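**Student:** heads up, no residue letters with this:
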């Protein structure tokens, strides 16, 4: 299985046709290089707010609605490209106003299969900016997607920093981690979270990032990151756990080959068996006792 994970720059779009051309170019590039799975980042869809003009894109509330309103057309485009190129695509996540979940938007990543099928995953835990300034809320439950390449889960950005969310996807062979981080510290937190989830679950994690500056936005104005593909530093995987990584703040795809049979092997006969031994924590006193020393 060949994976393409994006370091994705957002643009001020003059028209929907310009967006269609951009997305087709990215998909064509990855598919042309043999990728089976394409992973776009968190909030990469915010560039769609520019279709409504600069003032709308700069307005935190108006930009949410502008992006959510055009998603049906955008999703139809992703469906078409996934079928045309025969690839799985995790689209850049977007704010979605879903009446079944309440009045405020969720942060939703949509996952497209080459047979025309589609699923989605909502972010579970909001960052301070999302909850305190933007009013984006947590959405529907975690989902495990059965694909021809194995079981795939999604932890959107901040969600990857919470081990119990990762543990809920313990049956996943691969976990996608689309991210959008302003500073190097934020990128590092998500990267460490993605690598920790690969270690604990003895699986592969795939991190994508937004990159670049956008003077037309107050939500995605600065972006730091790169693509990365990680595994457990154990039998059949690199000793660093890094299968592939891009270059910081350099737009483009990062490619990596993943052999899913190695995941099954390391889970049954690795040097360590983190995933199997997880339950042993519950039988111990995991709250540290305080003791005065000295």
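**Tutor:** Thanks, I have the structure now. Not measured: the values here are computed from a predicted model. Numbering: from 1, shown residues only.
**Student:** and the longest helix anywhere in the chain, what does it pack onto?
**Tutor:** For the chain, the longest helix by residue count, based on DSSP state H, is helix 60-85. Applying 3 or more CB pairs under 8 Å, 6 or more residues apart in numbering; DSSP states H and E, one finds that helix 60-85 contacts helix 16-32, helix 54-58, strand 88-90, strand 94-96, strand 106-112, strand 118-122. Any C-beta I mention is one placed from the backbone N, CA and C, and that applies to glycine too.
**Student:** Going by neighbour count, which residues of it are buried?
**Tutor:** 63-68, 70-71, 74-75, 77-79, 81-82, 85 (16 or more other CB atoms under 10 Å).
**Student:** same question, stretch 161-169
**Tutor:** 161, 165-166, 168-169.
**Student:** ok, and what's touching that stretch?
**Tutor:** 124-125, 142, 144, 153, 155, 159-160, 175, 189-190, 192-193, 196-197, 200-201, 278 (CB atoms under 8 Å, 6 or more residues apart in numbering).
**Student:** Of the residues you listed, grab the buried ones for ChimeraX.
**Tutor:** Burial among these is assessed by 16+ other CB under 10 Å; the matching ChimeraX selection reads:
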select :124,142,144,153,155,159,160,175,189,190,193,196,197,200,201
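**Student:** In three-state terms, how would residue 266 be classified?
**Tutor:** State at residue 266, reduced to three classes by DSSP: H, G, I helix; E, B strand; the rest coil: helix.
**Student:** and it, how far is that from residue 235?
**Tutor:** 5 Å (CB to CB, to the nearest Å).
**Student:** more crowded one of those two?
**Tutor:** Neighbour totals were compared for residue 266 and residue 235, and residue 266 leads with 23 against 12 (other CB atoms under 10 Å).
**Student:** how close does that one sit to residue 181?
**Tutor:** 29 Å.
**Student:** Output the helices and strands packed on helix 60-85 in a markdown table, with mean pLDDT appended to each entry.
**Tutor:** Shown next, in a markdown table, are those (pLDDT from 0 to 100):
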| stretch | mean pLDDT |
| --- | --- |
| helix 16-32 | 98 |
| helix 54-58 | 98 |
| strand 88-90 | 98 |
| strand 94-96 | 98 |
| strand 106-112 | 98 |
| strand 118-122 | 98 |
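**Student:** which one of the ones you listed lies closest to residue 40?
**Tutor:** Closest approach to residue 40 among the helices and strands packed on helix 60-85 is made by strand 88-90 (5.9 Å; CB to CB).
**Student:** Can you list the strands that that closest one pairs with?
**Tutor:** strand 37-39 (parallel), strand 106-112 (antiparallel) (DSSP bridges).
**Student:** could you redo those as JSON lines and give each row distance to residue 1 and mean neighbour count?
**Tutor:** Formatted as JSON lines, the strands paired with strand 88-90 follow (distance: least, CB to CB, whole Å; neighbours: other CB atoms under 10 Å):
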{"stretch": "strand 37-39", "distance to residue 1": "7", "mean neighbour count": "26"}
{"stretch": "strand 106-112", "distance to residue 1": "15", "mean neighbour count": "25"}
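**Student:** Residue 217 is nearest to which of these?
**Tutor:** Going by CB to CB, the one of these nearest residue 217 is strand 106-112, 15.3 Å.
**Student:** The closest one vs strand 118-122, what angle?
**Tutor:** If you take axes from the mean of the first three to the mean of the last three CA atoms, to 10 degrees, strand 106-112 sits at 150 degrees to strand 118-122.
**Student:** Give me the contacts around strand 106-112.
**Tutor:** So strand 106-112 is in contact with 42-43, 75, 78-79, 81-82, 88-96, 98, 118-123, 126, 130, 136-140, 145, 152, 154, 156, 176, 178, going by CB under 8 Å, 6+ apart.
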